[in-house]
Each structure stands twice: as structure tokens, then as C-alpha cells.
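In: Need a 3D model of the following:
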Amino acid sequence: MVRSPEERGVPHSAGARGRLLPLLPALLLLIGLFVGLYTPRDVRPDAILAAAMVSAAALLPLWGTVLTGVGACAVFFGLMVDFDALRDATAYSELATLAAIAAFAVFINRLLSRHAQQLGQVRSVAETAQLAVLHPIPRHLGHVTLESLYVAAAAEARMGGDLYGAIRTPHAVRLLIGDVRGKGLIAMQTAATLLSAFREAAHDAPDLPHLARRLETSMSRYASQYPGVPGSETAERFITALLAEIPDDEPVVRTVTCGHPPPLLLHRGEVRELQLAAPSPPLNLGNLVSDGYRIDLAPFHPGDQLLLYTDGVTETRDRSGAFYPLAERVRSWSGEGPHQLLDHLHRDLIAYSGGELDDDVAALVARRRPSL
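Out: Below you'll find the model as predicted:
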């Protein structure tokens, strides 16, 4: 479930503000007319009419900007007629100034429209590239139902490094979620390298610690290809990652954490954060691991769900600066299926942030189905 810009949605309050803002130019025209008719003649509404045209350039399409400019000039000319100022050279000078501002507003409107179009194209290319890296995840792998969510940050048109993957092995389903430090092309290349290594190694690694070591080796080799390259940050990139394994024949989930936020376990209406007894450093910092990777084990029965996520979720802030309380919010949706749960999460994140996310968001839900 990768969210395109059209699917991101906005909260009700943000949508209401978006619908009301285009009315500002018309409101300013009415205020200008009121000021011209009901205040002393030496009080001119020029500044208010000019503000209407400038706001129209930013808020309205071309036709709206043109109509606002024509309306402002018409209001001012009507006031000239009402005040019998048709022979006042100063009044004509002010009318000419308003006409020039109207033309400038049309020019600004075209520039803003072109910039918005170019930004939309860049975002579209970035999201398409992100999709090519992530690949769609099957809805069902063995006895596990899966659903994924990826939402690109609205604040930027840069490619991010959030990633997830799922592989069916002969005896288990293995999951990966990760987040590359930084953004841009290098971050996406790093994410693609890690996903490729995971898709290859997950099939035959005997356990999660071996899988983590193989991923660390792949990322270290990748980083070593760029030593001393001017402007390259690849060697300094690290990836927080979490590996999970849901075996076919045991009602448990095994995890290995490499500097990544702990997953949430949803069990019979309860939501709890899995305790990480032995977290390891992020990938590409494997030289800090002296005693190997350790497995954390938790019960995982039919009907239970596991929510994996990147820090773009928990670091979403509201207007007061408070972080998103993930476990608290998810508790009310714990009875929903994976698709509905992530749909609730997506909409709630948008509402909580006030309409726009400042960081990429990725999440993955795995639900164990009853054995057939």
C-alpha cells in the first residue's frame, strides 16, 4: 500500500482551511469597496485592493487571478465615478498602478504554477523510483497475511531510504524493515543494495543472526567501494534495521534488532512493545558488534499481529511538538485486519501532523493466520 500524493489525504480541519483560503481575494475586494464607500474620501483602498490581487496570484488559478485584477480595477474606477473624480489625475495614476499590480500578479501566478508543476513531476519521479526499489509485497506468504505502507514526505521531493521486504523460506516467513541515514540518491542506492542482499540471503541463512551478519557484510562491501570519493557519503551511511522470523511450526516470532525501533505486538486487544534484550548497532557499523547478534523471542499465536515501522512514524509531531504516541493510537485499532490497521494509521498520522508529514513513513504488518 504505497500512498501516492492523491491518496495521502488531509484532515478535516486542513481541508476546511484549504477550501476557505481561495475566498480571501474576494473578501479583500469587498473590504476595499466598503472602505472606499464608508470612510472619508482621503482614505484610499489601494493597498487592500493590491493585497487582493497578490493573494489571488498565490491562491487562485490563472482565470481567478485575472478576474481579481479586473475586479480590483473595476472597484477603484467605480469609486472614482461615485466620488466624481474622473478629472482627478492622481486618481488615474492610482488606477494605473493597480493595473500594473494586476499584470504583475498574473506573472507571479504563472511562475508559481510552473514551479508547482515541476515540483509535482520531481515528486512523481522520486516515488516511482522508490516503488521500483521496494517491490510489492504479497498479501499472503504461507500462514502469514501481510500489508505494507509507504508514504513519501510531503515536505520534500527527495528520494528516501525507508525500506521493507518479506521472503517465504521453506520453514518460515522472514521480514525486514529498515531506514537508511539521510536522503537522496545515495540513500536510495543503499536501500536497494540492502534489499537485494536480503532477498538473496534470506532463503538460505540458517537463522537470523547469520542473516544479519550476511547483510552487514554486504553493506560493508558496498561502502568500501566508495572510499575517498569526493562528495560521497556512502562509507558514512548506516542503516537501522529489524529482522523478524515467523516459523511455520511454532507460535513464536524471533527478532534481531540493529538499532531500529522495536516492533509492536497486537494480541487480543492488547498492544505492547517487544522488549529488546540485546539490540545490536545499525548495519554498516558491524565493527561495534563484539559478541554477535542475539535473538529476541516472543509468543505469536494465530490472530496476533506484528507492526514493524520506521522512525518517521514515531517522530511525527503535532503542532505543540509532541511525538506521535504510536502504541496508544494503535490500541483502538488492534481488532482490525492488516489493511484496515495501516489505513487507520496513515490517516491518523496525517491528521496528527496537521496535514503534511515531514519525513518518509514505512510500516509493515504481519498477521498469523490459523493453521489449515
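
In: Which helix or strand in the protein has the lowest average pLDDT?
Out: Among the helices and strands of the chain, helix 5-8 carries the lowest confidence by mean pLDDT, DSSP states H and E, at a mean of 43.

In: What segments of the chain are strands?
Out: Per DSSP state E, the chain has strands spanning 2-3, 140-141, 144-151, 162-168, 172-180, 239-247, 252-258, 264-267, 270-273, 296-299, 305-309, 361-368. These are given in chain order.

In: okay if I get the ones you listed as TSV plus mean neighbour count and distance to residue 29?
Out: For the C-beta atoms, the positions are set from N, CA and C on the backbone; glycine is no exception. Putting the strands of the chain into TSV (neighbours: other CB atoms under 10 Å; distance: least, CB to CB, whole Å) gives the following:
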stretch	mean neighbour count	distance to residue 29
strand 2-3	17	38
strand 140-141	15	59
strand 144-151	22	39
strand 162-168	23	46
strand 172-180	26	49
strand 239-247	24	53
strand 252-258	23	60
strand 264-267	20	53
strand 270-273	14	53
strand 296-299	15	64
strand 305-309	25	48
strand 361-368	25	41
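
In: Please name the nearest non-neighbouring residue to residue 307.
Out: residue 264 (4.3 Å; CB to CB, 6 or more residues apart in numbering).

In: The one you found against residue 270, yeah?
Out: No: applying CB atoms under 8 Å as the test, residue 264 and residue 270 come out as separate, 10.3 Å apart.

In: where in the stretch 251-372 of the chain is pLDDT low?
Out: Within the stretch 251-372 of the chain, the ranges that satisfy pLDDT under 70 run 286-291, 371-372.

In: which residues of it fall in helices?
Out: Taking DSSP state H, counting those that start in this stretch as the criterion, the stretch 251-372 of the chain carries its helices at 311-314, 326-331, 338-353.

In: Which positions within stretch 75-84 qualify as buried?
Out: 75-77, 79-80 (16 or more other CB atoms under 10 Å).

In: tell me the contacts of the nearest residue to residue 110 once chain neighbours are set aside?
Out: Leaving aside its sequence neighbours, residue 110 sits nearest to residue 62 (CB to CB, 6+ apart; 7.1 Å). Counting by CB atoms under 8 Å, 6 or more residues apart in numbering, residue 62 touches 106, 109-110, 113.

In: redo that, cut-off 10 Å
Out: When contacts are counted by CB atoms under 10 Å, 6 or more residues apart in numbering, residue 62 touches 56, 106, 109-110, 113.

In: now residue 29
Out: With CB under 10 Å, 6+ apart, residue 29 has these contacts: 45, 48-49, 51-53, 56, 67-68, 71-72, 74-75.

In: min pLDDT across the residues you listed, which one?
Out: Here the lowest pLDDT out of those sits on residue 45, with 87.

In: Pop out the phi and psi values for that residue.
Out: phi -90, psi 20 (degrees, to the nearest 10).

In: Now do the closest residue to it other than its chain neighbours: how many residues are near it, please.
Out: Nearest residue to residue 45, sequence neighbours excluded (CB to CB, 6+ apart): residue 32, at 3.8 Å. Residue 32 has 24 neighbours, counted by other CB atoms under 10 Å.

In: Please report the number of neighbouring residues for the residue lying closest to residue 85 once chain neighbours are set aside.
Out: Nearest non-adjacent residue to residue 85, counting by CB to CB, 6+ apart: residue 91, 4.5 Å away. Number of residues near residue 91 (other CB under 10 Å) recorded here: 17.

In: swap in residue 321?
Out: Residue 321 has 6 neighbours, counted by other CB under 10 Å.

In: Ramachandran angles for it?
Out: Backbone torsions of residue 321, given as degrees, to the nearest 10, read phi 90, psi 0.

In: mind checking how far it is from residue 353?
Out: Per CB to CB, to the nearest Å, residue 321 is found 12 Å from residue 353.

In: Residue 367 touches residue 175, doesn't it?
Out: No: with contact defined as CB atoms under 10 Å, residue 367 and residue 175 do not form a contacting pair (12.0 Å).

In: list residues touching both of the two?
Out: 144, 146, 246, 306.

In: picking up where we left off before, next, show the common contact partners of residue 321 and residue 353.
Out: Contacts common to residue 321 and residue 353, judged by CB under 10 Å, 6+ apart, are absent.

In: hmm, back to that, any chance of the strands of the chain in JSON lines, plus distance to residue 134?
Out: Listed next are the strands of the chain as JSON lines, based on distance: least, CB to CB, whole Å:
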{"stretch": "strand 2-3", "distance to residue 134": "7"}
{"stretch": "strand 140-141", "distance to residue 134": "16"}
{"stretch": "strand 144-151", "distance to residue 134": "6"}
{"stretch": "strand 162-168", "distance to residue 134": "6"}
{"stretch": "strand 172-180", "distance to residue 134": "11"}
{"stretch": "strand 239-247", "distance to residue 134": "15"}
{"stretch": "strand 252-258", "distance to residue 134": "19"}
{"stretch": "strand 264-267", "distance to residue 134": "21"}
{"stretch": "strand 270-273", "distance to residue 134": "25"}
{"stretch": "strand 296-299", "distance to residue 134": "26"}
{"stretch": "strand 305-309", "distance to residue 134": "14"}
{"stretch": "strand 361-368", "distance to residue 134": "8"}
